[in-house]
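> Build the 3D model from these lines:
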Amino acid sequence: MNIRRATSDDLDFLVRVDLEDEGISSNLSDGWDADQFREHRRKIANFISNEGALVADSEDAKQIGTILWRFRELNEPAIESTFLEIRDELPPDGKFCEIFQLWVDANHRRQGLATRLKTLVEAEAAERGVRAIYTHTEATNHHVIDLNLKLGYREVRRGPIWDEVVRVSLVKDLRLLN
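The predicted structure follows:
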């Protein structure tokens, strides 16, 4: 298995994974028009060019996992209200890394790949001086919650974020890596 930085050749794969909404109760793309799909594709492409994106390939070069992330600050003009709600759980400087997407192919789960992807992002964030990682998942996604807790994340919020689905927000203090 090989873990590498995503390239523009991975864009279709990354868009497909994100739109499949695996593990998410509602399908946000229902009813989207062509412009909304183009905008979403542009958003995912931004992770490749400006944010962070890793892809895991199997021995036969099949894409079997991915993680997307971005570095955020609480003082950003368009910061989501959820982050403001957990302000006290984030470092005083307001800088954190948000895991946007973590996905592993069903045939390759429970083999440590998600852990490897997350720890690579955590290491990059720590190298940049970022002291916290934020992630969330549905409250019913017990495997992902357990994975995060095992990796040192702690639950900081539980409730809806952009729809009625209850999600669990988790934060990891990267100062504990030292």
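> all contacts plus neighbour counts: C-alpha atoms, from now on.
Noted.
> Helices of this structure, residue ranges please.
Under the criterion DSSP state H, the chain contains helices at 11-20, 34-49, 81-85, 113-127, 142-150.
> Which one of the ones you listed lies nearest to residue 65?
Counting by Cα to Cα, residue 65 lies closest to helix 113-127 out of the helices of the chain; the figure is 7.5 Å.
> How about residues contacting the helix or strand of the chain with the lowest mean pLDDT?
For the chain, using mean pLDDT, DSSP states H and E, the weakest element among its helices and strands is helix 81-85, scoring a mean of 86. The contact list for helix 81-85, computed with Cα atoms under 8 Å, 6 or more residues apart in numbering, reads 74, 161.
> swap the cut-off to 10 Å and go again
For helix 81-85, the surrounding residues in contact (Cα atoms under 10 Å, 6 or more residues apart in numbering) are 72-75, 87, 89-90, 94, 134, 156-157, 159-162, 169.
> Just the closest of those to residue 9, please.
residue 72 (25.8 Å).
> Pretty sure residue 11 sits against residue 44.
Yes. Taking contacts as Cα atoms under 10 Å, residue 11 lies within contact range of residue 44: 7.3 Å.
> Centre of the chain to stretch 33-53, how far?
Between the mean C-alpha location of stretch 33-53 and the chain-wide mean there is a distance of 14 Å, by Cα atoms, centre = their mean, to the nearest Å.
> Okay, the residue nearest to residue 14 when sequence neighbours are not counted and residue 175: tell me how far apart.
Distances taken as Cα to Cα, 6 or more residues apart in numbering put residue 44 closest to residue 14, at 7.0 Å, once the chain neighbours are dropped. Relative to residue 175, residue 44 is positioned 29 Å away (Cα to Cα, to the nearest Å).
> again with residue 145
Going from residue 145 to residue 175 by Cα to Cα gives 21 Å.
> same check, this time on residue 68
According to Cα to Cα, residue 68 and residue 175 sit 22 Å apart.
> Neighbour count: the two, which is higher?
Ranked by neighbour count (other Cα atoms under 10 Å), residue 68 and residue 175 place residue 68 first, with 24 against 11.
> you'd agree that one is up against residue 120?
No. Shown here, residue 68 and residue 120 do not form a contact pair, counting by Cα under 10 Å, at 11.4 Å.
> between the two, what contacts are shared?
residue 54.
> mind listing what residue 87 touches?
74, 81, 94.
> That should have said residue 14, apologies.
Residue 14 neighbours (Cα under 10 Å, 6+ apart): 6, 8, 41, 44-45, 47-48, 53-55, 63, 65-68, 101, 103.
> before we move on, what about residue 52?
Here residue 52 is in contact with 5-6, 46, 67-71, 99-100, 121, 124 (criterion: Cα under 10 Å, 6+ apart).
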